[in-house]
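*Asks:* Build me a structure from this.
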Amino acid sequence: MSRETVAAALVLDEITRRENLDVTEAEAAQEIERYAERTGRTSAAVRAALEKEGGLSRIYAGLRREKSIDFVKARATISES
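*Replies:* Next comes the predicted model:
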């Protein structure tokens with residue numbers, strides 16, 4: 001992982017913490033359902049596999065980072081120099 005990637009992840013994690021951007025069970029279930037549809041599996045099978053492999057935390061972390069990116073984009077001001 002490059003230094004820039006690590007720095008970006010740390011910034012997003014800090015934004016998540018400061019802004020209390022939590023992921024609900026419903027949001028995680030919706031993400032699991034989308035993945036299940038793409039892979040042709042049931043959401044129960046996908047959830048079971050994620051729980052077995054410890055992957056549920058990655059789902060939550062990814063969704064929290066997406067929320068952080070959305071939070072920043074909603075407040076960003078882009079100007080041309």
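
*Asks:* Where does the prediction get shaky in this structure?
*Replies:* Residue ranges of the chain with pLDDT under 70: 1.

*Asks:* Give me the neighbour count for Glu51.
*Replies:* Glu51 has 10 neighbouring residues, counting by other C-beta atoms under 10 Å. For the C-beta atoms, the positions are set from N, CA and C on the backbone; glycine is no exception.

*Asks:* Find the helix or strand that it is a member of.
*Replies:* For Glu51, the enclosing helix or strand under DSSP states H and E is helix 43-53.

*Asks:* Give me the contact list for that helix.
*Replies:* With contact meaning C-beta atoms under 8 Å, 6 or more residues apart in numbering, helix 43-53 is reached by Ala29, Ile32, Glu33, Tyr35, Ala36, Thr39, Gly55, Leu56, Arg58, Ile59.

*Asks:* And for stretch 21-28?
*Replies:* Residues outside stretch 21-28 that contact it (C-beta under 8 Å, 6+ apart) are Ile15, Leu56, Ile59, Tyr60, Leu63, Arg64, Lys67, Ser68, Phe71.

*Asks:* What about the contacts of helix 43-53, which are in helices?
*Replies:* Helix and strand membership here follows DSSP state H; of those, those in helices are Ala29, Ile32, Glu33, Tyr35, Ala36, Thr39, Leu56, Arg58, Ile59.

*Asks:* check contacts around the third one.
*Replies:* Read it as Glu33. Residues counted as contacts of Glu33 (C-beta under 8 Å, 6+ apart) are Ser43.

*Asks:* Much appreciated, bye for now.
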